[in-house]
Every structure is written in C-alpha cells, then in structure tokens.
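Trainee: pasted the sequence and its predicted model underneath.
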Amino acid sequence: MILRIGLRSRFALIATLIIISIILTTNYFMASIISPTTSHLDNQLDVRLNRFIAERNSPSKSGLSRLSLTSGDNNNHDIDTDHLANWIIGSVHSSNENSGNITLWSDSNLLNEYLQFLSQFPDPWNKSLLRIKDKAKLFYTNPFDYFHDGIKDNFLYARNSTAVDGILEYMATAELDYVENREGGTQLKILMDFKQGGMAMMKPMRMSRLQESHPDHFYFCDLERHTAEIAAFHLDRILDFRRNTPVVGRKFNVLRDIKALADEDLKATVFKSPADNWCFHGDCDYYCKTEFAVCGHPVEFEGAMIAYLPTSRRYPRQSYKHPYRRSYSKHKLTVWEIDQSYCFKTVKPQTYYNPQHTRRLLDIVDLSIFDFLSGNQDRHHLENFARFGNESSLVHIDQGRSFGKHSFDDKTILSPLTQCCVIREKTVLILLSLTKDNYQLSELMRISLQSDPIWPVLPEDHLLALDRRLQTIIDGIRNCIKRNKLLTNVIKRDQFSGSLNEAQVRKMIKSVLQS
C-alpha cells in the first residue's frame, strides 16, 4: 500500500512538472512571436516617452505627420507621402532656431518624385518581423531601441522606416543626463547620455562653415567638421545606401550641458577665455589642447549628434583594413596609388573581394563613390556587423573630414571603381537619375539639409561641387565599360537590382556612353 501511494505521488509529481513545462514553453513561444526581441523592449511604456509621442502627434502642430513607433509593410505603396518621404528629408525642420525644436518638412514634390523612382528597387528587409510588430503594436522605451532593433544585413534602417524620424528629433531635443570625454583618437568626441535612455556621440563645431582645409595640410592633419557628419548622413540617404548612422545638429550650452553634467576629467578642462567666452577642450591624442578649445558665444555652441550603434555584445562589429588604405605618411605613397593594376593583382584574387562570392567589393565601390562625392580621403578601416557574416553591408561611419575643399576633387578616392571596374547595377541607375535636371543631386541635398535644426549646413559651393563630382563618377563608369567591352563584366546585378530587366538596364546605360 505504501509502495502504491509512493508510485502514485511520483506519477502525480511527474505529470505536474510536464504540465508546468508545457505552460512555460507555450508562454515562451507566444512571447517570441509577439516580441522577438524582448530583451530590447519594455512592456511598460515609459511615461516620458508617451508624453513625447503625444506632443509630437499633437494636431496643433500644423503640417506634422503622426509619429508611430511601429512600422508597416514595406510593400504598401498607398502610404502617406509625408511618411514615405521621411527617409530622405528626416521629417524635421527647424521652426525656432533658438529653441532647437523640430517640425516636419513635407512640402516637396521634388523629393516625392525622386522617391517614386526609388520604389522600383527592392528594400530587402525583414518584412515578416515588421508585420508582427505592427499587429502587436509594440512600443519601445526610446527611439534608440526602435532604431537598433531595425538594423539588418543590408541597411541600418528601412527606406520608409519611422525610426529615423524619431531618433533625429530625440537627439536634437531630448534632455541630457550625463556627458563624458571619449578618450583616444585624434579628435575631441563627447559621449552624451539621455535621461530617457540612449546615447549619442557629439562632435563639436571646430571651424566655421566657410573655412576650407588648408591647401598645405595632409588629409590626416585636419580638424573634423560637425557639419560634415550631418551632410554625409543626408548624402548617404539620397544615394539610398542607408548605411550611415543618423546624425542631427544641435545647439549646446557650455555651462548647462558640459560643466553641469560632465565627469570630473572633462569638467576640469572648462575655462573662461580672455574674450569672456566659456570654453572646454577635453582630452584626445592631438587636438585637445587649450589652443584647440571649443568655445561658446558666450556659452552657446553647435555640435553634431551621432546616433550610437548597439553595443558590441548585442551587435558585434568586425573591423579590417581598407584594401585602398592610404599610407598616412608625408613621404610615401601606397602600392595602389602607383600601380593601376593593383586591383587585378591583389584585390580581386582574394575570395572575400570577389564579386562572384561576396558583396564586399561592390560595397567598397559604393563607399568610394560616397567618399568621393563628399571629398573624404580619411578612410583607413572598414566595419560591418559580424552577426550577418559575409552578407553584412559595410557601415559608413566617421565622416568628420568630409566636405573640406569644394574646389578640389581627389580622383584617387575613386580608385576602387576605376581600377576594379565593377559596380552595383542599382548604384549606376541611381547615379544616372541624379544627373537629370528634374532632380539633381545638389538640389535634393539642398532641400534635405534644410530639415536640420542648425541649417544652413553646407555652403552653396559644396552643393554645386556634388554635381561636378557626380559627372566625374559617370565618366569613370563610361571608361570602365569601354575598356571591358561586355557590360556584364562591369555592372553587376544582385538582389538590389529591382524590377528593371537587363534589356531596360542596357538601354539606360547607353545614355552614359552616348553622353
């Protein structure tokens, strides 16, 4: 009898455990469906964020599109034009220069027309995940969570993602909590924590917008420009790369935002200049001395807020030397600057640069076009996300030395294109579209940059230089096609090629050869 009761108890215990495990498994499975990244979500929406959203969606703000922290299906072409256009214009425009508040810039037929052209190219993003999130109506504790959760192998954000709207406004207006000096590197960089969560790196204004790089200075001994980071972000978006982390301008107060919130080391570098302006210089390897101090007028100064990418634990990144890295020496050139056959001898034979096996070389060519348009010679390393393996696109970071000289075009930046003579089909078609009178690159940039709180960002000469440099890129593509005879040897079709068939593409490319 005792033995029988013991067996029954054991069976009952086992049955109870099985039922519990089934319940837990079911809950976990349902949670994974509704919230695939629960570690990055907060079920209790932060009250301050709720207020932030309500304020943003207030009907009293005329011209504003509603801010939604959920994304719809990318294939929906009936979407509101304001929502559709947010990828290129940032959906922000300064309504009050002193307050730094942002409103939408939505009255642009030109941008909408250009976006209609881009809609023929696919946006390979995790659409199933988007639909799940849209139906579940999930919310994030701050726009950084939303932005980070949207990073995929091809882009940092989807073309019609509202993540960029939210994070630009958040970085430009949200209350700061703590700032500290990021040590290392040649330039001053300040890490800024927000009270509602999230972190941005701030690059302060070091020179006026009209000041160009000194003609006798090398590419590696120039101060960085905060406006260069802002303009590069907009350029990356217009080219539809979407590999540059979001950047927005903001005005700061040395006493309120630096001295009052800084760690002790940074606070110790704050001082009052002989002109009664409050200044600070921080700590870095080269340009962080008293003579290079950032000064307010008398307390206010500008800076670029660069959205921080996820931590290395969540999204580990891998860094490797650029095959077209410069020597960073006053006395010597690198092999690729001397030997024009460098790509065919050294680069293409390597499996991880072979366009037949990986996307890396095509991404490097995209990056060289991006750098040439912005005049960035300072590209020594490449980065991508390790979690996506060989299919990860490059991440476009560190553009501080861009837009230094509007009158000088360094054609060696284009060496990956002119030596390797391969380029992504989608890139060619977008570049061709930007040479048309109805939406020139300079005009799209002019409109897009007007959305930034510290507009004007670039002088007109730099905008006009974009059109000139674009024609140089087209000439480079033309020369590659003439040398290689076969179009398919130069222009590579891939998952980004879109709805155009090869015959249509050939017809469009003829315009390059005949121009």
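Mentor: Sure thing, it's come through.

Trainee: host element of residue 432?
Mentor: For residue 432, the element it lies in under DSSP states H and E is helix 425-433.

Trainee: next structured bit after that helix?
Mentor: Going down the chain from helix 425-433, the next helix or strand is helix 441-449, by DSSP H and E.

Trainee: which residues touch the next helix-or-strand element following that following helix?
Mentor: Downstream of helix 441-449, the next assigned helix or strand under DSSP H and E is helix 460-484. For helix 460-484, contacts defined as CB atoms under 8 Å, 6 or more residues apart in numbering pick out 231, 235, 369, 372-373, 375, 403, 406-407, 409, 411, 414, 417-418, 421, 423, 428, 431-432, 434-435, 440-442, 445-446, 487, 490-491, 509, 512-513, 515. To be clear about C-beta, it is placed using only N, CA and C from the backbone, and glycine gets the same treatment.

Trainee: tell me the buried residues in stretch 288-303?
Mentor: 288, 293-296, 299-303 (16 or more other CB atoms under 10 Å).

Trainee: likewise stretch 334-341?
Mentor: Neighbour-count burial for stretch 334-341, with 16+ other CB under 10 Å as criterion, is recorded at 334, 336.

Trainee: next one: stretch 205-213
Mentor: Neighbour counts over stretch 205-213 (16+ other CB under 10 Å) mark 205-206, 209, 212-213 as buried.

Trainee: again, but for stretch 442-456
Mentor: For stretch 442-456, the neighbour count (16+ other CB under 10 Å) marks 442-455 as buried.

Trainee: what pLDDT is listed against the nearest residue to residue 140 once chain neighbours are set aside?
Mentor: Leaving out its chain neighbours, the residue that sits closest to residue 140 by CB to CB, 6 or more residues apart in numbering is residue 146, at 4.4 Å. Looking at residue 146, its pLDDT is 85.

Trainee: try residue 324
Mentor: Note on residue 324: pLDDT of 95.

Trainee: first to last residue in stretch 213-229, what's the distance?
Mentor: End-to-end span of stretch 213-229 (CA to CA, to the nearest Å): 16 Å.

Trainee: buried stuff in that stretch?
Mentor: Across stretch 213-229, burial judged by 16+ other CB under 10 Å covers 213, 219-220, 222-229.

Trainee: need those residues in TSV (columns: pLDDT).
Mentor: Shown next, in TSV, are the buried residues of stretch 213-229 (pLDDT from 0 to 100):
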residue	pLDDT
213	82
219	66
220	70
222	81
223	84
224	89
225	93
226	95
227	96
228	96
229	97
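
Trainee: filter those residues down to the ones in helices?
Mentor: Among the buried residues of stretch 213-229, the members found in helices (DSSP state H) are 226-229.

Trainee: related to what we said a few turns ago, tell me the one of the buried residues of stretch 288-303 nearest residue 356?
Mentor: Checking the buried residues of stretch 288-303 against residue 356 with CB to CB, the nearest one is residue 303 at 44.0 Å.

Trainee: give me the mean pLDDT for the helix or strand the closest one falls within.
Mentor: According to DSSP H and E, residue 303 maps onto strand 300-307. Mean per-residue pLDDT for strand 300-307: 97.

Trainee: report the next helix or strand after it in sequence order.
Mentor: Counting by DSSP H and E, the element after strand 300-307 in chain order, helix or strand, is strand 317-321.

Trainee: residues contacting the following helix or strand past that following strand, please?
Mentor: Once strand 317-321 ends, the next helix or strand along the chain (criterion: DSSP H and E) is helix 335-338. Contacting residues not belonging to helix 335-338 are listed as 323-324, 326, 342-343, 346, 412, 415, 419 [CB under 8 Å, 6+ apart].

Trainee: now rank the residues you listed by neighbours and give me the top one.
Mentor: The most crowded member of the contacts of helix 335-338, judged by other CB atoms under 10 Å, is residue 324 (26 neighbours).

Trainee: surely residue 207 is in a helix?
Mentor: No - per DSSP: H, G, I helix; E, B strand; the rest coil, residue 207 lies outside any helix segment and is coil.

Trainee: grab the nearest non-local neighbour of it.
Mentor: In this structure, residue 207 finds its nearest non-sequential neighbour in residue 223, 5.9 Å apart by CB to CB, 6+ apart.

Trainee: please apply the same query to residue 394.
Mentor: Closest residue in space to residue 394, ignoring its immediate chain neighbours: residue 363 at 4.5 Å, by CB to CB, 6+ apart.

Trainee: which residues sit in contact with residue 413?
Mentor: Per CB under 8 Å, 6+ apart, neighbours of residue 413: 368, 371-372, 375-377, 379.

Trainee: what about it, which SS state?
Mentor: Per three-state DSSP, the local secondary structure of residue 413 is helix.

Trainee: look up how far residue 232 lies from the residue nearest to residue 457 when sequence neighbours are not counted.
Mentor: Sequence neighbours aside, residue 449 is the residue nearest to residue 457 in space, at 4.5 Å (criterion: CB to CB, 6+ apart). Relative to residue 232, residue 449 is positioned 11 Å away (CB to CB, to the nearest Å).

Trainee: which one of the buried residues of stretch 288-303 sits closest to residue 247?
Mentor: The closest of the buried residues of stretch 288-303 to residue 247 turns out to be residue 303 (CB to CB; 10.5 Å).

Trainee: tell me where the model's unsure across the stretch 401-515 of the chain.
Mentor: 498-502, 504-506, 508-515 (pLDDT under 70).

Trainee: so what pLDDT did residue 32 get?
Mentor: Confidence score, pLDDT, at residue 32: 38.

Trainee: the one 4 residues further on too?
Mentor: For residue 36, the pLDDT comes out at 35.

Trainee: got the CA positions of stretch 274-284 in PDB?
Mentor: Extracted in PDB, the C-alpha atoms of stretch 274-284 (Å, rounded to 0.1, in the frame of the first residue of the first chain):
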ATOM      1  CA  PRO A 274      40.100  86.300 -22.300                       C
ATOM      2  CA  ALA A 275      37.100  87.200 -24.500                       C
ATOM      3  CA  ASP A 276      34.700  86.200 -21.700                       C
ATOM      4  CA  ASN A 277      33.500  83.100 -23.700                       C
ATOM      5  CA  TRP A 278      33.200  79.800 -21.900                       C
ATOM      6  CA  CYS A 279      35.300  77.000 -23.400                       C
ATOM      7  CA  PHE A 280      36.400  73.400 -23.000                       C
ATOM      8  CA  HIS A 281      39.000  71.200 -24.700                       C
ATOM      9  CA  GLY A 282      38.600  67.700 -23.300                       C
ATOM     10  CA  ASP A 283      41.200  65.000 -23.800                       C
ATOM     11  CA  CYS A 284      42.400  63.300 -27.000                       C
END
